[in-house]
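Asks: next come a sequence and a model predicted from it.
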Amino acid sequence: MTEDSCACRSTDEMRQPLLAVAPASAVLAVASNHFHPWVALSPIERARCRSLHSQQDRVNFAASRALTRLLLARWAGLAPSTGIRFRWYQNCSSCRTPHGRPTLFGCRPPGVSWAYAGGMVAAAVGAGAIGVDIALTGFDDDDPRSMSPRRTAAGAAAKAGLGELADLLASRSLFSLPAGEFSDPATGVRGHVVCGGAPEAIDLFALVDTTADTPA
Ligand SMILES: [Zn+2]
């Protein structure tokens, strides 16, 4: 761990969380100009990604992490290429396998969360607990649960560590949870984010719009 890979210097409880939503293919194309999205994955993540059945799932998997890295670089005030330096681990508290809520290495790191649906990915970074979940309007119309705002609100809350998904879905108090709803009619994405305050939504291309980038 080098000093550069630690985001603690910029962790500030008062800072506005960051949120980005974009097509997975665009994320991989844009991120590839700054770091290799596949190389950025940990060996465990690469194995998990390879085990996914559909190509779209594998693209979503890699893109969600790449978008998180671009947001982390922005959060830390560093060039997009430094996104490859961030490291996290996943260790589900229920089944002890490497999935679930990611925890960033470093002292006082920000919280991170990602989500995907269809070919769209979302990522969020902010101080403290954070969780994001998305759904596609018009996607999976046969499954009413996938369209339910209640489900994305519960999904975001579960990712933020506020409880188990099943308990949150069954909770009468779900809508009192601090889950902010967002939507993008252009892409058909809607979702919820749980974080400390209203997040700043950043366009994918704005995330890498810098003339100060330097090689990682
Ligand atoms: Zn698990």
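Replies: The structure has been received and is ready for your questions. Residues are numbered from 1 along each chain as shown.
Asks: how many neighbours does Ala198 have?
Replies: Neighbour count of Ala198, defined by other Cβ atoms under 10 Å: 12. No exception for glycine: its C-beta is placed from N, CA and C like everyone else's.
Asks: next helix or strand past the helix-or-strand element of the chain with minimal mean pLDDT?
Replies: Least confident helix or strand of the chain, by mean pLDDT, DSSP states H and E, is helix 144-147 with a mean of 53. Next along the chain after helix 144-147, taking DSSP states H and E as the criterion, comes helix 149-159.
Asks: please could you give me each C-alpha atom of the helix or strand just after that following helix, formatted as PDB?
Replies: Later in the chain than helix 149-159, the nearest helix or strand by DSSP H and E is helix 165-170. The C-alpha coordinates for helix 165-170 follow below in PDB (Å, rounded to 0.1, in the frame of the first residue of the first chain):
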ATOM      1  CA  LEU A 165     -32.400  -7.600   2.100                       C
ATOM      2  CA  ALA A 166     -35.300  -9.900   3.000                       C
ATOM      3  CA  ASP A 167     -35.800  -8.100   6.300                       C
ATOM      4  CA  LEU A 168     -35.700  -4.700   4.600                       C
ATOM      5  CA  LEU A 169     -38.100  -5.800   1.900                       C
ATOM      6  CA  ALA A 170     -40.500  -6.900   4.600                       C
END
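Asks: isn't Gly128 right next to Glu13, touching?
Replies: Yes. Between Gly128 and Glu13 there is a contact at 6.8 Å, judged by Cβ atoms under 8 Å.
Asks: mind listing the shared neighbours of those two?
Replies: Common contacts of Gly128 and Glu13, defined by Cβ atoms under 8 Å, 6 or more residues apart in numbering, comprise Gly196.
Asks: looking at those two, which one has more neighbours?
Replies: Gly128 (14 against 10).
Asks: did I read that right, the more buried one in a strand?
Replies: No. Under the criterion used here (DSSP: H, G, I helix; E, B strand; the rest coil), Gly128 is coil, not part of a strand.
Asks: so what's it up against?
Replies: Counting by Cβ under 8 Å, 6+ apart, Gly128 touches 13, 111, 195-196.
Asks: now the buried members of those residues.
Replies: Neighbour counting by 16 or more other Cβ atoms under 10 Å classes 111, 195-196 among those as buried.
Asks: in strands, which of those residues appear?
Replies: Those of those mapping onto strands are Gly111, per DSSP state E.
Asks: separation between Thr137 and the ion?
Replies: Thr137 sits 29 Å away from the ion, going by Cβ to the ion, to the nearest Å.
Asks: not counting sequence-adjacent ones, nearest residue to that residue?
Replies: Counting by Cβ to Cβ, 6 or more residues apart in numbering, Thr137 lies nearest to Gly188, which is 4.4 Å off, once chain neighbours are set aside.
Asks: am I right that that neighbour is in contact with Ile134?
Replies: No. With contact defined as Cβ under 8 Å, Gly188 does not reach Ile134; the gap is 10.2 Å.
Asks: please enumerate the shared neighbours of the two.
Replies: Taking Cβ under 8 Å, 6+ apart as the criterion, Gly188 and Ile134 both touch Met120.
Asks: immediately after the lengthiest helix in the chain, which helix or strand?
Replies: Assignment by DSSP state H gives helix 55-75 as the longest helix of the chain. Where DSSP H and E defines the elements, the next helix or strand beyond helix 55-75 is strand 88-90.
Asks: good, wrapping up.
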